[in-house]
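Enquirer: coordinates only, no sequence provided:
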């Protein structure tokens, strides 16, 4: 921005933003939105290179700046390599959006095994731990940083036949709250956004009767769209949200208001 142009809120010009799991779904919308706000965005994926490259092409075709990097969000070595590449090509990560997620089948507890529970813990507790530990030194040095955990309304709802996912998301929420207090002295904010059921690519085959039942519960009587989650991420990443930390903001049309 130059001259006497008015300040546009929620700008992220020049900030380096890493969004894990951002080649599809909500993460893809976050990448496009943060890119439009001026951030240099790292689009990250673990599988499906062809889909990731198509997303990155669409991102660049919009005139946004960033890079595409494959890395598992649960593997320490790959995370270290990811950050090394980002720091070399773009600079230190200033905005970290922890979004990557695995498949989440609904099952009675008797049909889960500990291996599956462990996979949920790896994605929603181990991954935030590894990513934050790697990002925080440069954030502390700069006395500025934004960490945004993507949670889920399932923790507030206590969704049945979903104990593994709900328990892990609850743990991530606790991590979010504790870390917010720990890093506040350095001007770093840590928040969580908990979307409701917002249909994206992976929901294409969900039963229509389940979609209809959920929609009937929503006070707003309409589906949310990915951009509404992405806009909340953009706000929390901005300077305008500098005094908001430790919060869990539900983006779900008042579904979990009690």
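Expert: Received, thanks. None of the values given here were measured: they were computed from a predicted structure.

Enquirer: name the element residue 249 belongs to?
Expert: Remark: residue 249 resides in strand 248-251, with elements defined by DSSP states H and E.

Enquirer: any idea which strand is longest in this protein?
Expert: Counting residues, the longest strand found in the chain (DSSP state E) is strand 188-195.

Enquirer: what's that one packed up against?
Expert: For strand 188-195, the elements it packs on are helix 127-142, strand 145-150, helix 163-183, helix 226-237, strand 248-251, judged by 3 or more C-beta pairs under 8 Å, 6 or more residues apart in numbering; DSSP states H and E. To be clear about C-beta, it is placed using only N, CA and C from the backbone, and glycine gets the same treatment.

Enquirer: about what we covered before: contacts for the strand holding residue 249, please.
Expert: Residues from elsewhere that reach strand 248-251 (C-beta atoms under 8 Å, 6 or more residues apart in numbering): 151, 153, 156, 173, 176-177, 191-196, 198, 224, 228-229, 232, 236, 256.

Enquirer: so, low pLDDT: which residues of the stretch 151-258 of the chain?
Expert: 258 (pLDDT under 70).

Enquirer: now the longest strand of the chain against helix 127-142, angle please.
Expert: 150 degrees (axes from the mean of the first three to the mean of the last three C-alpha atoms, to 10 degrees).

Enquirer: quick one: contacts of strand 188-195?
Expert: 26, 136, 139-140, 143-153, 155-156, 172-173, 176, 179-180, 183, 224, 229, 232-233, 236, 241-242, 244-252.

Enquirer: isn't residue 172 right up against residue 126?
Expert: No. Using C-beta atoms under 8 Å as the test, residue 172 is too far from residue 126 to be in contact (10.3 Å).

Enquirer: quick one, which of the two is more surrounded?
Expert: residue 172 (27 against 19; other C-beta atoms under 10 Å).

Enquirer: still on that earlier bit, can you turn the buried part of the contacts of strand 188-195 into a PyMOL selection?
Expert: Only the buried members of these enter the following PyMOL selection, criterion being 16 or more other C-beta atoms under 10 Å:
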select buried, resi 26+136+139+144+145+146+147+148+149+150+151+152+153+155+156+172+173+176+179+180+183+224+229+232+233+236+241+245+248+249+250+251+252
